[in-house]
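Asker: Take a look and give me a structure for this.
(one chain, ligands or ions: 2)
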Amino acid sequence: MPKPVIITCAPTGGIHNPTMSPHLPTTPEEIAEASIEAVEAGAAIVHLHARNPETGQPDPRPELFHDFMSRIAQSCDAVMNVSTGGGLGMTREERLRAAVATSPEMASLNVGSLNFGIFPMAEKYSQWKHEWEPAFLEMTRDFIFRNTFADIEYVVKELWQGHGTRFEFECYDLGHLYNLAWLIDQGWLEPPFFVQMVFGVLGGVGADLDNLQHMHTIANKLFGASYEWSVLAAGRHQMSFATQAAMLGGNLRVGMEDSLYLGPRELTPSNAHQVAKVRSIIESLGHTVATPEQARERLGLKGAARVTLRRS
Ligand code: KMH
Ligand code: ZN
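Answerer: Ligands and ions are numbered 1, 2, ... in the order given. Modelled structure (predicted):
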């Protein structure tokens, strides 16, 4: 029997802007509600970013995270995964603030630097809800998403060694798998490792199924039985890559951080719609979805009781 599929949902992220979808959650209430609905639909893990409740801009303030994380914890037992990617352009310290303050079971860790071009999206819009949006996209024409070895070491030492937080290792290209192998060789980390393979970011590996197969083959060689793998693909590739990952025995991520769509030219009304859709695909393939408890056990997480929650 294949292992139950761990679905991660990333409800808001720091890439898409309010102009692009009226359904993008931005306030703590909306992020909490979107996460809870996604868990009810079948997600075991929620990957969390915060936004300024007035402007929708990515925002590193820990009090925002405390707010929605407390609400989520009151309603469900989801694994909460705090992003350390933050919003493009945040400092290293800003990116870590929320995870240090909340001591989560999981945090993202981007294991390599890359160009991260979201500027082509600007061409689709002529009117904007907020002034910051076009400049934010355009800035990425000349932007490197910085994740140097020193940055990575800093995150590992703060979160894994300091808080027992495990990572969603975000790998946007083949070389990032080797960066992770190097980190493991340093003896700083312990298995199991949760590798999130990211396809279709402009600057990372393209959304081509041959790339998925190859990254999976190389990850198997590098990490053997010590890892769980998951796949996300940006935009229109989201569902096909999620399906392919499930067929190959992997796990997957959906959510409006990665795609605002449910189908071709159809904005998703909610994150839960994407989760429900991918769940029905998984189940029609004869697979099952993992509960948060099953995800905790397989990923070696410290448990929800050791997360710091404070309602602001
Ligand atoms: N928002 C981007 C900087 C992460 O959460 O760690 C990519 C990202 C990765 O969101
Ligand atoms: Zn993220």
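Asker: For Ala98, list the residues it contacts.
Answerer: Residues in contact with Ala98 (CB atoms under 8 Å, 6 or more residues apart in numbering) are Ala50, Pro60, Arg61, Pro62, Leu64, Phe65, Val82, Ser83. (Glycine included, C-beta is placed from N, CA and C.)
Asker: My read is that the third one contacts His49, right?
Answerer: No. Arg61 is not in contact with His49 according to CB atoms under 8 Å; the separation is 11.5 Å.
Asker: who's more crowded, these two?
Answerer: His49 (25 against 16; other CB atoms under 10 Å).
Asker: so where's the stretch 201-312 of the chain shaky on pLDDT?
Answerer: By pLDDT under 70, the low-scoring segments of the stretch 201-312 of the chain are 312.
Asker: What's the separation between the residue of the chain found nearest ligand 2 and Trp188?
Answerer: Nearest residue of the chain to ligand 2 (CB to the ion) works out as Ser83 at 4.1 Å. Distance of Ser83 to Trp188, computed by CB to CB, to the nearest Å: 20 Å.
Asker: For the two, indicate the residue with more neighbours.
Answerer: Ser83 (28 against 13).
Asker: tell me the phi and psi of the more buried one?
Answerer: phi -70, psi 140 (degrees, to the nearest 10).
Asker: So it is in contact with Ile15, correct?
Answerer: No. Between Ser83 and Ile15 there is no contact under CB under 8 Å: 11.1 Å.
Asker: Identify the residue of this protein closest to ligand 1, quick one.
Answerer: Gly85 (2.4 Å; CB to the nearest ligand atom).
Asker: how about the strands in this protein?
Answerer: In the chain, the segments counted as strands under DSSP state E are 7-9, 45-48, 79-82, 106-110, 114-115, 144-145, 166-171, 193-199, 227-233, 251-254, 261-263, 266-267.
Asker: circling back: could you list every residue that touches the residue of the chain closest to ligand 2?
Answerer: Gly13, Gly14, His47, Leu48, His49, Arg95, Ala98, Ala99, Ala107, Ser108.
Asker: Need the nearest residue in space to the first one, chain neighbours excluded.
Answerer: Pointing back at Gly13 there. Glu257 (2.5 Å; CB to CB, 6 or more residues apart in numbering).
Asker: check contacts around the one you found.
Answerer: Contacts of Glu257 by CB under 8 Å, 6+ apart are Ala10, Pro11, Thr12, Gly13, Gly14, Ile15, His16, His47, His49.
Asker: Let me see the backbone angles for the last one.
Answerer: Geometry field for His49 lists phi and psi as phi -120, psi 160, criterion degrees, to the nearest 10.
Asker: Can you pull the residues of the chain lying near ligand 1?
Answerer: Gly13, Gly14, Ile15, Ser83, Thr84, Gly85, Leu88, Ser108, Asn110, Phe145, Glu170 (CB under 6 Å from any ligand atom).
Asker: show me the contacts for the last one.
Answerer: Read that as Glu170. Gly85, Ser108, Leu109, Asn110, Val111, His176, Gln196, Val198.
Asker: what's the closest of these to Ile72?
Answerer: Of all those, Ile72 sits closest to Ser108, with 16.7 Å by CB to CB.
Asker: Quick one: neighbours of the closest one, just the number.
Answerer: Ser108: 24 neighbours (other CB under 10 Å).
Asker: what pLDDT does it get?
Answerer: We have a pLDDT of 99 for Ser108.
Asker: what residues are up against it?
Answerer: By CB under 8 Å, 6+ apart, the neighbours of Ser108 are His47, Asn81, Val82, Ser83, Thr84, Gly85, Phe167, Glu168, Glu170, Gln196.
Asker: Tell me if I'm right that the third one and Glu105 touch.
Answerer: No. With contact taken as CB under 8 Å, Val82 and Glu105 are classed as non-touching, separated by 9.1 Å.
Asker: These two - which one has more neighbours?
Answerer: Using other CB under 10 Å, the more surrounded residue of Val82 and Glu105 is Val82, with 30 against 27.
Asker: just to revisit the earlier point, tell me the phi and psi of the residue nearest to Gly13?
Answerer: phi -60, psi -40.
Asker: Show me which residues of the stretch 51-200 of the chain are close to ligand 2?
Answerer: Ser83, Gly85 (CB under 5 Å from the ion).
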